[in-house]
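S.K.: Need coordinates for the below:
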Amino acid sequence: MNTHIKFFLPFFLFSALTVLGNDNTSLSLIQADSLIQVKNYELAHAKWKEIIETISESNPNYSFYQSKLSFCNAKLAQASSEYIEAITNYERVLSLVEGYKQKDKIIPYLVDVYNGLYHCLAYSGQWQKSLEVGNEGLALLNSEIDMVTRANYIYDLGYINDRLSKFHDAIKLYNQSIEYYLESNSDKNFDIGLAYNNLGTSYNKIGFFTGRLKSLEMAKEYWEKTESVSPSYLLTIYGNLIKLYMEYGDVHKVTELYNSIEKISTRLTLPNEKSSLFRLRVIYDTFTNRSWQVEKRLNEFSNYFKLLPEKDKNTNVHHYLASLTNVGDYFITQKESTKAKIYLEKSLRLSKDYNQPYYSMNAYSSMSKIFMESENYDIAIHYLDKAKGIHEVVNIGEVNLTNILIKKANLEIKQGSVDKANLTLFEALSILANDTITSPIQITVDDFKNRNSSFFILAIKSAAEFYKEKYTRTKKNEDVRFANYLYELSARVFSNYYQNGEYNPSLNELNKSINEGLLETLVFQKKGLSEEILRLIESNNSQVLRNEFEKKQLKYLNNSEDIILRRNLLQLELEELKKDSLVQEIANIEKQLNVLDAEIVSKDPMYFSFLKEEVSIQKIRHNIKANDIIIKYVLGSNRVYVILISKKNVSLYDLTDTKSLKNDVTELYKLLQDPRKSTDILSKKVYQHLLAPLQKELSQYTNLTIIPDEFLYYLPFETLSSGNALVLETHRTNYSYSLALWLLLNKTVEKSSLDKKMLVAFAPEYDGTPIQSSNSRNGRFDKIDGATKEAKQIVGLFNGDLYEKNEASVENFIKTTGLYKVYHLAMHALLDTENDAESSLVFQNNHMFGLKTLYKLHFPAELVVLSACSTGVGMFVAGEGLLSLSRALAFSGVRSSVYSLWDVPDEETSELMVSFYKFLDDGKDKDEALKMAKLDFIKNNPLKSHPYYWAGFVINGDINPISEMSFPNFWKYGAFILIITGIIIGFYKRKSNIK
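M.R.: As a prediction, the model looks like this:
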């Protein structure tokens, strides 16, 4: 962080003629003030001395002239770093003008005096007095003072508050200075960036992650706009952001910033710059688990550090110590405790040699982890006490102190020292509460409004774990109640911390452990799931999918298909241009997209209000049907939980052990894909894990909506067996990605589609041309024999349109988005389970339509059927679910999709698909239509009853019927209406004739 204080330009003080009227020395006075304006204080001093010598002490302005002489003396002393002398002269200035009658006319002069005085006090180490004087001058900043001068004054005052640990005041002043810089409309990008950088540091001091992140991102933006900015500043901001994104677990952004650092690395030549660079390289390699590089990087730093002059070693040793501890921590996570000890012990030696107690604290704390892992709790506590002891030497910060104490309390409870552990924990909780407390319930979410870093969340969660561990020993209801309260509190603080962006493994693990603790302690208490707990669990899970779907649905409620088409074509063009890196053309398309989006939003004034609605049990139960039940699975590290929601009831169950379930589901998934192997035993076993404990409730309902978690996304629940029957035979099943998305689909009705055609099918022709991809089965896309025949049959049922062979192109697909209700895609899919962005649908001529483009597409269809291989399978991303083609469709706005979980043979796929559409045409719900198609398939193909042939296809999303809009039925109903009308007319004619 850059912490320099900016010197202020002196003000043009005032017009001597205005102040003095017709004084015969007016010309000399103007000259003297002009010399001050151009900062020539030596000549100005001589001129003011000359003026004073020519007038009498009885002159009413004599004291004022004397103040100018002292002002010049102060400026000259300040320039020579003679701060005590400068302070004396500035104070003399204020004394001399004390009785001046026209003070309102010398405000700029007074501001300059206060500015100089409070800076010199700060430079001389008198920080508190500097603050007091600075605040006096702050009251003078009126509209006479230009915006930039005000901004500079307030920024520096903010820095002084920062130094005095008055962080809330510093934050207020930094924000105010930024406002003035922006209002000045001057080229102050560097200064704005500096203010944002220091603002971020102040937010860090109070543990406000959100404010810190946004401030540092703004600092980066403004410094990157500054052409002359030193690479040292860029290194500072990139380094600060890297550490922040590491805390947040965002690998993508960390890598982006690291690449930016490497681009400027050759411009970094000073010892502090090189040391910081080495440190960032080390922490990047440990964060991204580049094990082959970690020790090599540290050795490079060690060799560089050894050659530094002693003065530079003292200045930069903190970078080296941080690197040693970081590598030690890395080897602890890799279960290499011997290596970890080597680096941590070296860090301890050097931190003592160079008097760096803070880094001793870090190393002691890390050493304790080694002995926690080996369950040698006495030695672990010894190192924690050593770490805590550093606080008596230097302030290690409330986050560090709290976490050390909570770790110690948890170890003491494991040793059975309950009373001692209680005392240690309450010492920690009192720090969190900023007050001495006697119960954890005295800590509330209000204590963390501006303290929402992951370290605070971990501290609260660790306190919850303490009470959970205590409960297992004491069985006291009070202990489990406290544990549940603290888990809920950590969930609330996490809610403030979570940035509502894409989830990542770090965030997921933190949230997952909180949810598991919440549900586990509810089960211990035999308590039901409250409205608030469900809201917290759902809101803290990734909201990306729900928000994108919602925006794309709502965006078009009042917009025509023409707008959809225009936007999609522009988006496709943009993706193509990006492949060729055509910068100017890309900028032009992006500009057109922005204009079009603005037009879309202008037609939907309620657009944003929908995005803030929260999930609630009441809303779900209001929208669920009487025969339906939602089954939401929550997988913890140790246990699997399930939440059941129906019209009548909400239930919570602790089901099974996560590890054993994962082993069984993984094995069953393999068997489902091999028709030569029986699934009977494992099908029953997994049923016992997941559904048997719920059997009493499930028997009351016919329709199951399953919201899987993690590896359960791979499982078709229809294949599970109670021993008497398959789930396929006893229930209708469908799937959803989240409660939020389920609620959205069931609350909002599909826009009237009388102006849309019913169905379109795409059936490319493949000729086996080799392709360069390791993700196709054999390096080529073979012909799908039944695809075109299947598509023609389906199109015939609904009087739809067919794009086959050369017409089955990406361009034609894009042109049809928004024109049809149902899209049937009988084509190959290319699945990349390691990099989801490379997965694609394969159109004519092997033209790939990738997930990356599909995610950005606006595609408000009611149903998309992916009649291709493994279209529901993809890379699993923690918190987000499967990054698959089906999920990409939901992302683009599709209300429901049918997809496959493994490669289903072409012939069986065609038979199943045609049957499914026939039942849809009869007006069946989508999930019922798919169930009946599967049952018919098994009945008609007894030798193919293995789930491999029929269970691969599942439905996700809106299950309402679609056939009422089909053209064949439309004509049937139309004909029926005409017949009835004819009968009525004939009746009245006969009646008329009788008369």
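
S.K.: where do the helices sit along the stretch 51-200 of the chain?
M.R.: Along the stretch 51-200 of the chain, counting by DSSP state H, counting those that start in this stretch, helices occupy 62-79, 83-96, 107-123, 127-138, 147-163, 167-183, 189-205.

S.K.: Select, out of those helices, the one closest to residue 259.
M.R.: helix 189-205 (20.3 Å; C-beta to C-beta). (C-beta placed from N, C-alpha, C; glycine too.)

S.K.: Show me what the closest one packs onto, helices and strands only.
M.R.: helix 147-163, helix 167-183, helix 209-225, helix 231-248 (3 or more C-beta pairs under 8 Å, 6 or more residues apart in numbering; DSSP states H and E).

S.K.: Include mean neighbour count when you put the helices of the stretch 51-200 of the chain into CSV, please.
M.R.: Output for those, formatted as CSV (neighbours: other C-beta atoms under 10 Å):
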stretch, mean neighbour count
helix 62-79, 21
helix 83-96, 20
helix 107-123, 23
helix 127-138, 18
helix 147-163, 23
helix 167-183, 20
helix 189-205, 24
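
S.K.: quick one: stretch 913-920 to chain centroid distance?
M.R.: 41 Å (C-alpha atoms, centre = their mean, to the nearest Å).

S.K.: Go through that stretch and flag the buried ones.
M.R.: 913-920 (16 or more other C-beta atoms under 10 Å).

S.K.: Please apply the same query to stretch 283-291.
M.R.: 283-287.

S.K.: how long is that stretch from one end to the other?
M.R.: 12 Å (C-alpha to C-alpha, to the nearest Å).

S.K.: Rounded mean pLDDT for that stretch, please.
M.R.: Mean pLDDT, computed over stretch 283-291, is 94.

S.K.: Could you list the residues in contact with it?
M.R.: 242-243, 246, 251, 254-255, 258, 293-294, 297, 322-323, 326-327, 329-330, 334 (C-beta atoms under 8 Å, 6 or more residues apart in numbering).

S.K.: coming back round to it: the helices of the stretch 51-200 of the chain: which one's closest to residue 506?
M.R.: With C-beta to C-beta as the yardstick, what comes closest out of the helices of the stretch 51-200 of the chain is helix 189-205 (18.2 Å).

S.K.: Just the C-alpha atoms of that closest one, please, in CSV.
M.R.: As requested, the backbone C-alpha atoms of helix 189-205 are provided in CSV (Å, rounded to 0.1, in the frame of the first residue of the first chain):
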residue,chain,number,x,y,z
ASN,A,189,-7.1,9.4,-12.0
PHE,A,190,-3.9,8.7,-10.0
ASP,A,191,-5.2,10.5,-6.9
ILE,A,192,-8.6,8.8,-7.1
GLY,A,193,-6.9,5.5,-7.4
LEU,A,194,-4.8,6.3,-4.3
ALA,A,195,-7.8,7.3,-2.3
TYR,A,196,-9.6,4.0,-3.3
ASN,A,197,-6.5,2.0,-2.4
ASN,A,198,-6.3,3.5,1.1
LEU,A,199,-10.0,3.2,1.5
GLY,A,200,-9.7,-0.5,0.8
THR,A,201,-6.9,-0.8,3.4
SER,A,202,-9.2,0.9,6.0
TYR,A,203,-12.0,-1.5,5.1
ASN,A,204,-9.5,-4.3,5.7
LYS,A,205,-8.7,-3.0,9.1
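
S.K.: Tell me what angle it forms with helix 147-163.
M.R.: For helix 189-205 against helix 147-163, the angle by axes from the mean of the first three to the mean of the last three C-alpha atoms, to 10 degrees is 30 degrees.

S.K.: okay, now the domains of this protein?
M.R.: The record's domain parsing of the chain by automatic domain parsing lists 1-145, 399-540, 624-739, 750-963.

S.K.: With mean pLDDT and distance to residue 269 added, can I get those domains in JSON lines?
M.R.: Formatted as JSON lines, the domains of the chain follow (pLDDT from 0 to 100; distance: least, C-beta to C-beta, whole Å):
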{"stretch": "domain 1-145", "mean pLDDT": "83", "distance to residue 269": "18"}
{"stretch": "domain 399-540", "mean pLDDT": "87", "distance to residue 269": "34"}
{"stretch": "domain 624-739", "mean pLDDT": "94", "distance to residue 269": "47"}
{"stretch": "domain 750-963", "mean pLDDT": "80", "distance to residue 269": "37"}
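
S.K.: for these, which one sits closest to residue 575?
M.R.: Per C-beta to C-beta, nearest to residue 575 of the domains of the chain: domain 750-963, 4.8 Å.

S.K.: sorry, back to before: any chance of the helices and strands packed on helix 189-205 in a markdown table with distance to residue 655 as columns?
M.R.: Shown next, in a markdown table, are the helices and strands packed on helix 189-205 (distance: least, C-beta to C-beta, whole Å):
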| stretch | distance to residue 655 |
| --- | --- |
| helix 147-163 | 51 |
| helix 167-183 | 46 |
| helix 209-225 | 34 |
| helix 231-248 | 31 |
